[in-house]
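>>> here are the coordinates; sequence isn't available:
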């Protein structure tokens, strides 16, 4: 599952077309490594900052929806119940709230993937406790990736994980999986973390 593109679109100022092409390349690479895998593309949330951001997000989401193909097992996860217009979904102009936003996000993902809904625990810190990030399996030699990224520039962080400083999505944001949030889930499920797991 990919939930990526918001930072590329808004912070890094890439065009909608550039971001969609990068995501398409990740999907193609994933299907190359694992042809029978189902790939889920999660639409991104608009940032409340301005109308330009909302328009760019809508355009990108339109391009992402065009990638859906049941024959190729590529599916879309939409989030019609998450919006800045719905009270309590966001902590700020960008990040989902822990109390409501991340719970709805998780439910949307599980529903789209046909997974069993979990009962909502009062302790959200346990939601991802079973997820394990171990990038030590990555080769530290120079490896050609689809976007021209290299895994050669790795460092070990304080938790003992190799961190790829050249990554499009920086794993520094995901080594502490104590709570479910959009950024951690996005990065954890991204190609750079999950695509080369052996």
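Nice, thanks for sending it over. Model, not experiment: these values are computed from the prediction.

>>> what ranges do the helices span in this protein?
Remark: helices assigned in the chain by DSSP state H are 6-10, 16-33, 51-65, 101-113, 182-188, 191-194.

>>> Name the residues of the third one that are buried.
Within helix 51-65, the residues scored as buried using 16 or more other Cβ atoms under 10 Å are 53, 56, 57, 59, 60, 61, 63, 64. Yep, even glycine has a C-beta here, placed from its N, CA and C like the rest.

>>> Residue 92: neighbouring residues, count only.
10 (other Cβ atoms under 10 Å).

>>> Where does the prediction get shaky in this structure?
For the chain, the stretches flagged by pLDDT under 70 are 49, 116-198.

>>> and the gap between residue 42 and residue 87?
Per Cβ to Cβ, to the nearest Å, residue 42 is found 22 Å from residue 87.

>>> hmm, I was thinking of residue 32
43 Å.

>>> Equivalent analysis for residue 44, please.
21 Å.

>>> So for the two, which residue has more residues nearby?
residue 44 (24 against 9).

>>> Please name the residues that touch the nearest residue to that one once chain neighbours are set aside.
Nearest non-adjacent residue to residue 44, counting by Cβ to Cβ, 6 or more residues apart in numbering: residue 6, 4.5 Å away. Residues in contact with residue 6 (Cβ atoms under 8 Å, 6 or more residues apart in numbering) are 44, 45, 47, 57, 94, 186.

>>> nearest spatial neighbour of the third one, skipping sequence neighbours?
It refers to residue 47. Counting by Cβ to Cβ, 6+ apart, the residue nearest residue 47 is residue 53, at 4.5 Å.

>>> The one you found contacts residue 59, correct?
No - Residue 53 is not in contact with residue 59 according to Cβ atoms under 8 Å; the separation is 10.9 Å.

>>> ok, back up a step: and of the contacts of residue 6, the nearest to residue 81?
Taking Cβ to Cβ as the measure, residue 81 lies nearest residue 45 of the contacts of residue 6, at 11.2 Å.

>>> What is the burial count for the closest one?
When neighbours are counted by other Cβ under 10 Å, residue 45 comes out with 23.

>>> Let me see the contact set for it.
By Cβ under 8 Å, 6+ apart, the neighbours of residue 45 are 6, 57, 79, 82, 83, 96, 182.

>>> Can you tell me, leaving aside adjacent residues, what's nearest to the third one?
Once flanking residues are discounted, residue 79 sits nearest to residue 108: 5.2 Å by Cβ to Cβ, 6+ apart.

>>> thought that neighbour was touching residue 96?
No - contact criterion Cβ under 8 Å: residue 108 and residue 96 do not qualify, at 11.2 Å.

>>> More neighbours: those two, which one.
Under the criterion of other Cβ under 10 Å, the comparison of residue 108 against residue 96 puts residue 96 first, with 24 against 18.
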